[in-house]
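Visitor: Generate a structure from the sequence data that follows.
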Amino acid sequence: MDITADSLTQDDQRMPYEIMPFSLDDDLHPIVAAWASAFVDPPNGPRPAGELFRQLYRHMTYPRFIGLVAREPRTGHVLGLAYGYSNESGQWWRDCVARALGPQAGAMIDDSFCLTELGVIMPARRRGIAEDLVEGLAARQSHPRMVLSTRSDNEGGLRFYYATGWRTLLRAMSFGWNFPPYDILERRVPEH
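Guide: I've put the predicted structure just below:
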């Protein structure tokens, strides 16, 4: 079932949510629909569902992939998602960040978990869902640190990350031609 932010009623916005893992065995359509809905506002912008499916399928093959969704228990509406995987040499994102960090890259991003995507649909924001999704990933992964990139002009995202214990490793990094600048952030994960 595809959902959009507009499909939630006022009653749904007050409903509790549950955090659940997802895998290739699940119907990814509602997850991708929520993901697309979560990223339509600036500074992002709409991305075609096919592009999101291709990215998700590729990332689900990476080592120690973990995917979580927040969903409304009564209806099953997907309210948000987060996923990531272990950083390893040879992955595009990890290698771009390593080049930008220079000689200290190994100590900063090796043995880390890459928080690749985090999004919550607009009507479900400011309910603690994003923080619960990140905490769920942190608890399920086995690395001493998590890293991510977010657009340097993503003021709301940066406020959220700083308020939840992330720190900047690198400001305004370029992933290449036609990419906006990205900040690279890190958060230490307490031993489980």
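
Visitor: Let me see the contact set for the residue most central in space within the chain.
Guide: Nearest to the geometric centre of the chain sits Glu117, at 2.0 Å (Cα atoms, centre = their mean). Going by Cβ atoms under 8 Å, 6 or more residues apart in numbering, Glu117 touches Trp35, Leu81, Ala82, Tyr83, Gly84. The way it works is simple: take the backbone N, C-alpha and C, and place the C-beta from them, glycine included.

Visitor: Doesn't it lie inside a strand?
Guide: Yes. Judged by DSSP: H, G, I helix; E, B strand; the rest coil, Glu117 forms part of a strand.

Visitor: how near is it to Ile31?
Guide: 10 Å (Cβ to Cβ, to the nearest Å).

Visitor: Can you pull the residues that touch both of these two?
Guide: Common contacts of Glu117 and Ile31, defined by Cβ under 8 Å, 6+ apart, comprise Leu81.

Visitor: could you pull out the helices for the chain?
Guide: Using DSSP state H, the helices found in the chain span residues 10-13, 29-38, 49-59, 92-101, 105-109, 129-140, 155-163.

Visitor: Of those helices, which is nearest Leu68?
Guide: helix 129-140 (4.9 Å; Cβ to Cβ).

Visitor: Of all the residues in the closest one, which ones are buried?
Guide: Of the residues in helix 129-140, those with enough neighbours to count as buried (16 or more other Cβ atoms under 10 Å) are Ile129, Ala130, Asp132, Leu133, Val134, Glu135, Gly136, Leu137, Ala138.
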